[in-house]
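J.: 3D model of this:
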Amino acid sequence: MLSLHLPSSAPCSSSRHYSNSDRFLQRRHPAVSLSPGRRIGAKCMLVPKASSAPRREKDPKKRIVVTGMGLVSVFGNDVDAYYDKLLAGESGIGSIQRFDASVFPTKFGGEIHGFTSDGYIDAKNDRRLDDYIRYALVSGKKAMENAGFELSNLDKIDKERVGVLVGTGMGGLTVFKDAAQALIEKGYRKISPFFIPYTITNMASALLAIELGFMGPNYSISTACATSNYCFYAAANHIRKGEVDLMIAGGTEAPLTPLGIGGFVACRALSQRNDDPKAASRPWDKDRDGFVMGEGAGVLVMESLEHAMKRGAPIIAEYMGGAINCDAYHMTDPRADGLGVSSCIERSLQDAGVNAEEVNYINAHATSTLAGDLAEVNAIKKVFKKTSQIKMNATKSMIGHCLGAAGGLEAIATVKSITTGWLHPTINQFNVEPAVEEFDTVPNVKQQHEVNVAISNSFGFGGHNSVVVFSRFEP
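T.: Now for the predicted structure:
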């Protein structure tokens with residue numbers, strides 16, 4: 001809220017003292033009040049009033065609840081099994097088996113083994129699809145089942161009011177590689193007709209909607225490692241605006257290919273701890289040497305409280321709000337002053353109607369990079385003054401950094417922490433940075449913790465920042 005104050009000795013205490021420009025300003029900006037102040041001639045100064053306390057959404061059409069979760073991960077395709085592995089502090093990182101990685105400086109990652117799409121993708125299509133699409137289809141359909149829907153009987157839902165927003169940071173790398181190889185070795189006639197459709201980033205959302213018949217908003221957001229949270233934020237806004245009743249939202253990624261590994265090696269972003277891969281992802285540890293690449297998908301079913309209540313949906317948690325912004329600083333490095341991240345957190349709390357003091361758990365981005373880990377911590381300290389009351393952990397310490405899917409998988413871990421009352425550990429905490437010591441990072445062993453309000457952070461190359469806020473659902 002802005003108030004007009006007039007810097008001079010002459011009071012501006014009645015409406016007749018306001019200039020025509022003042023009245024124009026008030027007509028164009030009703031939120032600006034022409035309150036008494038002081039003036040120089042007819043000039044007024046805009047002085048911000050103290051911001052009011054955040055207000056939580058009460059309208060059931062605009063309140064958003066999580067009613068389903070689905071994933072594909074290095075720990076399998078079952079949400080409960082995934083979280084059990086996280087609680088146990090198990091590392092999913094190992095040597096790459098999919099291709100010969102012996103020539104690369106980094107020879108390991110969070111590679112998914114034994115993935116099956118049985119019952120979710122027909123065999124003919126399954127052979128053609130890029131993995132990033134396969135992961136999205138399986139996780140999206142599993143999320144719908146988890147939300148209480150029968151995939152074979154969706155006639156009771158208004159399909160024009162259901163949308164799909166599953167993003168990806170890199171798209172179809174395997175299909176792209178195969179097409180490039182065919183072009184070089186055999187000529188353009190040998191390029192697959194599925195090359196373009198299965199490479200572009202929107203196809204995961206499109207195919208999921210085609211198979212389920214959902215005709216609402218459908219597109220992909222690609223903001224590198226912030227992708228999933230951007231999708232949650234956009235999906236929530238579609239619901240709040242009344243455009244849809246339900247959205248399937250999240251992220252998917254399949255970057256563990258020679259091209260993906262080679263590209264990040266060239267960026268000098270990956271750990272090279274080949275002698276001990278399971279200890280390679282070590283957020284906030286002094287001896288961290290880069291992130292570990294992972295893969296998979298994480299998807300939520302988000303719907304208005306009104307719609308969920310009408311159909312008797314299993315309400316898992318509440319999406320309180322979120323925010324997105326940009327560092328506007330550097331392609332790959334975070335801002336040293338942390339302004340982008342701290343302001344993004346503040347805006348997410350404002351959107352959620354939550355005070356900073358209410359937050360007692362943070363699922364951190366915490367990739368295990370030298371600059372990124374500390375930049376995030378410094379930004380968090382700017383927002384939260386009582387850090388001793390906040391527990392903060394790093395899912396990536398066990399599953400690696402799943403790029404565009406990271407926020408999706410971490411949102412599921414965040415929601416599970418709310419529903420179970422248990423926080424998974426941050427493993428590989430051997431020699432923690434002094435700047436992080438004031439936080440409880442849940443080092444190496446799970447902890448019981450009643451989560452009041454949780455935030456999940458995701459940041460991506462290009463300076464993309466995103467924060468989403470969850471809490472236990474209370475009618």
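
J.: CA atoms for contacts and neighbours, from now on please.
T.: OK.

J.: wait, is Val341 part of a strand?
T.: No: under DSSP: H, G, I helix; E, B strand; the rest coil, Val341 falls outside any strand and is assigned helix.

J.: Show the contacting residues for the spatially closest residue to Glu57 that is not a sequence neighbour.
T.: Nearest non-adjacent residue to Glu57, counting by CA to CA, 6 or more residues apart in numbering: Arg63, 6.0 Å away. Listed by CA atoms under 8 Å, 6 or more residues apart in numbering, the contact set of Arg63 reads Glu57, Arg240, Ser304, Leu305, Glu306, Glu318, Tyr319, Met320.

J.: how far does the helix or strand harbouring Phe470 sit from the chain's center?
T.: Using DSSP states H and E, Phe470 sits in strand 464-471. From the chain centre to the centre of strand 464-471 is a distance of 6 Å (CA atoms, centre = their mean, to the nearest Å).

J.: can you list contacts of it?
T.: Strand 464-471 has contacts (CA under 8 Å, 6+ apart) with 223-224, 226, 229-230, 232-233, 317-327, 340-341, 344-345, 348-349, 352, 414-415, 418, 451-459.

J.: which residues of this protein score low on pLDDT?
T.: 1-53 (pLDDT under 70).

J.: Pop the domain breakdown of it in here.
T.: 2-48, 64-471 (automatic domain parsing).

J.: Same list, these, but as a markdown table with mean neighbour count please.
T.: As requested, those are arranged in a markdown table below (neighbours: other CA atoms under 10 Å):
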| stretch | mean neighbour count |
| --- | --- |
| domain 2-48 | 15 |
| domain 64-471 | 21 |
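
J.: Please identify the helix or strand for Ala323.
T.: strand 317-326.

J.: Now the residue nearest to Glu57, what are its backbone angles?
T.: Main-chain torsions, Arg63, degrees, to the nearest 10: phi -70, psi 140.

J.: rewinding a little: identify the farthest-apart pair in the contacts of Arg63.
T.: Glu306 and Met320 (15.1 Å; CA to CA).

J.: Any chance of the contacts of Arg63 in TSV with distance to Thr367 as columns?
T.: TSV is the format used below for those (distance: CA to CA, whole Å):
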residue	distance to Thr367
Glu57	33
Arg240	32
Ser304	32
Leu305	34
Glu306	37
Glu318	26
Tyr319	24
Met320	25
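
J.: which one of the residues you listed sits closest to Ile96?
T.: Of all those, Tyr319 has the smallest distance to Ile96: 36.0 Å, by CA to CA.

J.: you'd agree the closest one is up against Lys62?
T.: No: Tyr319 is beyond contact range of Lys62, at 10.6 Å (criterion: CA atoms under 8 Å).

J.: how about the strands of the stretch 101-250 of the chain, start to end?
T.: Using DSSP state E, counting those that start in this stretch, the strands of the stretch 101-250 of the chain run over 108-109, 162-167, 246-253.

J.: To Gly298, which of these lies closest?
T.: Using CA to CA, these put strand 246-253 closest to Gly298, at 5.7 Å.

J.: Which SSE is immediately downstream of that closest one?
T.: In N-to-C order, the element after strand 246-253 by DSSP H and E is helix 258-266.

J.: Helix or strand next in line after that next one, which one?
T.: That would be, after helix 258-266 and using DSSP H and E, strand 296-304.

J.: mind listing what Arg189 touches?
T.: Here Arg189 is in contact with Leu183 (CA under 8 Å, 6+ apart).

J.: Of the strands of the stretch 101-250 of the chain, give the one that comes closest to Gly372.
T.: Of the strands of the stretch 101-250 of the chain, nearest to Gly372 by CA to CA is strand 108-109, at 19.4 Å.

J.: Other residues contacting stretch 191-205?
T.: 128-130, 132-134, 136-137, 164-173, 175-176, 179-180, 182-183, 218-222.

J.: Let's see that with 7 Å instead.
T.: 129-130, 133, 136, 164-168, 171-173, 175-176, 179, 182-183, 218-220 (CA atoms under 7 Å, 6 or more residues apart in numbering).

J.: tell me the angle of the strand holding Ala323 relative to strand 296-304?
T.: 110 degrees (axes from the mean of the first three to the mean of the last three CA atoms, to 10 degrees).

J.: Partner strands of strand 317-326 and their direction?
T.: Sheet pairing of strand 317-326 (DSSP bridges) gives strand 64-72 (antiparallel), strand 464-471 (antiparallel).

J.: Give the next helix or strand downstream of the longest one.
T.: Translated: strand 64-72. Following strand 64-72 in sequence, per DSSP H and E, is helix 79-87.

J.: Distance from that next one to the middle of the chain?
T.: For helix 79-87, the distance to the chain centre is 19 Å (CA atoms, centre = their mean).

J.: do the same with stretch 228-241
T.: 11 Å.

J.: Okay, now stretch 427-435: how far is its last residue from its first?
T.: Start-to-end span of stretch 427-435 (CA to CA, to the nearest Å) is 18 Å.

J.: residues making contact with it?
T.: By CA under 7 Å, 6+ apart, stretch 427-435 touches Gly89, Ala279, Arg282, Trp284, Asp285, Lys286, Ser397, Met398, Pro443, Asn444.

J.: so who does the fifth one touch?
T.: Translated: Asp285. Contacts of Asp285 by CA under 7 Å, 6+ apart are Gln429, Phe430, Asn431, Val432, Glu433.

J.: can you tell me which of the residues you listed are in strands?
T.: Members of the contacts of Asp285 lying in strands (criterion: DSSP state E): none.

J.: gap between the residue nearest the centre of the chain and Gly172?
T.: When CA atoms, centre = their mean is applied to the chain, the residue found nearest the centroid is Asn229 (2.5 Å). Separation of Asn229 from Gly172 (CA to CA) stands at 20 Å.

J.: Next: Asn378.
T.: Using CA to CA, Asn378 is found at 35 Å from Gly172.

J.: So which residues of the chain form helices?
T.: With DSSP state H, the ranges of helices along the chain come out as 20-28, 79-87, 123-128, 131-146, 173-186, 195-199, 203-212, 227-240, 258-266, 305-310, 339-352, 370-383, 396-399, 406-420.
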